[in-house]
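Q: Got a sequence here, can you build the structure:
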Amino acid sequence: MDLRIGGFRYDTTEALFDGSVTVQGARSTTMSTAATLPEIFERVVADEVDASEFGLTFLLRALDQGVPLVAVPAFPVRAFRHSAVFVNTGSGIAGPADLVGKTIGEFGVYGQDPGVWMKGILADEYGFRPESNRWVIGGLEHPAPPFTFTSHPHPDNLDITATPAGKTLSAMLDSGEIDALFTANVPQPFLDGSPHIGRLFPDYEPLERDYYRRTGYFPIMHTVVVRRELLEHNPGLARALYTAFLEAKQAGAQRYRRFRHLYQTPLMVPWLNPLLEANDRLVGEDWWPYGVSANWKALDTFLGYHYEQGLSARRWTVEEIIAPDLLDT
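A: The predicted model follows:
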């Protein structure tokens, strides 16, 4: 069969894009990308790709709508998210307790992947309650309405509105029209040095490392999905996709390990070797694990957060969302 696979070009997927890793049993593999991740996700919903990177929250929303998708336990995007909450410096927010009663923005949907993780972590560790806030959903750097390709479930007691016409979340945060922003991407005004935007946790790396040390969770944002009927007609495809994504990820990790002999000079990042050594000591040799067993607790935690935050119609289980013949990974 000929496969169309959607996704971004990351270290974890580069080998699939350059053809050095292929999907066993496929006659050909076409890697399809786009300017933004929402465009890739929209292709999944429209059935324009056979398999694709897909955000966990969008998978669960699709499953609630009866879309016959199933996950392959490869996770091309994951990120620690204490760094993903930005605040207006004039909002009076000096710590998590100060979020109460504030207006918070989110890109595209209420409950994007980093938002689910951070709401859950803030609730567990600081008593955060989303219903105490006002929420504004829209475009980050370009005016845009909430995503139209996905559903928008949320508890009835939440105050959620769309950004005003012509407004962006980054500009609204910079001007103080919103007090905080839960975001997957760093707001451009912050990168430009705006004095009006800071992080909720300015010294976030020690907090994120401590979070990993205590929980073992490296938060997962995206998985790989495929339609169930495609797997039914192509036995072995789920395993072949998993193996290909795993080999691509391992090829990316191996580049960093090989470059250690060269003091990472092929990469334009100073002091990268000491960072990799510190990560090895904390995380182990497999910084970016794939498979169910290494990620079951993190996945189950996300599924729990998603349900507790009123984003799922029911509490999904890991066994329900993963392709059955890959539960042994």
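Q: Torsion angles phi and psi at residue 116?
A: phi -60, psi -50 (degrees, to the nearest 10).
Q: show me what contacts the closest residue to it other than its chain neighbours?
A: With Cβ to Cβ, 6 or more residues apart in numbering as the criterion, residue 116 has its nearest non-adjacent residue at 5.2 Å, and that residue is residue 305. Placement of C-beta: from N, CA and C, glycine included. Applying Cβ atoms under 8 Å, 6 or more residues apart in numbering, one finds that residue 305 lies in contact with 116, 117, 119, 120.
Q: Just the C-alphas of the helix or strand hosting residue 305, formatted as CSV.
A: Residue 305 is located in helix 296-308, with elements delineated by DSSP states H and E. The C-alpha coordinates for helix 296-308 follow below in CSV (Å, rounded to 0.1, in the frame of the first residue of the first chain):
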residue,chain,number,x,y,z
TRP,A,296,1.4,4.2,30.6
LYS,A,297,1.4,6.4,33.8
ALA,A,298,1.9,9.6,31.9
LEU,A,299,-0.8,8.7,29.4
ASP,A,300,-3.2,7.7,32.1
THR,A,301,-2.6,10.9,34.0
PHE,A,302,-3.5,12.9,30.9
LEU,A,303,-6.6,10.9,30.3
GLY,A,304,-7.6,11.6,33.9
TYR,A,305,-6.9,15.3,33.6
HIS,A,306,-8.9,15.5,30.4
TYR,A,307,-12.0,13.9,32.0
GLU,A,308,-11.6,15.9,35.3
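Q: in it, what's buried?
A: 298, 299, 301, 302, 303, 305, 306 (16 or more other Cβ atoms under 10 Å).
Q: tell me the mean pLDDT over it?
A: Helix 296-308 shows a mean pLDDT of 98.
Q: Redo the buried residues of helix 296-308 as JSON lines? Include distance to residue 95.
A: Shown next, in JSON lines, are the buried residues of helix 296-308 (distance: Cβ to Cβ, whole Å):
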{"residue": "298", "distance to residue 95": "26"}
{"residue": "299", "distance to residue 95": "29"}
{"residue": "301", "distance to residue 95": "23"}
{"residue": "302", "distance to residue 95": "25"}
{"residue": "303", "distance to residue 95": "28"}
{"residue": "305", "distance to residue 95": "21"}
{"residue": "306", "distance to residue 95": "26"}
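Q: And the helices in the stretch 51-200 of the chain, which stretches?
A: 56-64, 113-126, 169-175, 188-191 (DSSP state H, counting those that start in this stretch).
Q: any chance of those in CSV, with distance to residue 40 and mean neighbour count too?
A: Listed next are those as CSV, based on distance: least, Cβ to Cβ, whole Å; neighbours: other Cβ atoms under 10 Å:
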stretch, distance to residue 40, mean neighbour count
helix 56-64, 10, 23
helix 113-126, 14, 21
helix 169-175, 21, 23
helix 188-191, 21, 16
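Q: Which of these sits closest to residue 72?
A: Closest approach to residue 72 among these is made by helix 56-64 (11.1 Å; Cβ to Cβ).
Q: got the contact list for that closest one?
A: Contacts of helix 56-64 (Cβ under 8 Å, 6+ apart): 41, 44-45, 69, 71, 109, 111-113, 116, 150-151, 153, 220-223, 225, 302-303, 306, 311-314, 316, 321.
Q: buried subset of those residues?
A: Taking 16+ other Cβ under 10 Å as the criterion, what is buried in those is 41, 44-45, 69, 71, 109, 111-113, 116, 150-151, 153, 220-223, 225, 302-303, 306, 311-312, 316, 321.
Q: related to what we said a few turns ago, next SSE after the helix holding residue 305?
A: Next along the chain after helix 296-308, taking DSSP H and E as the criterion, comes helix 318-321.
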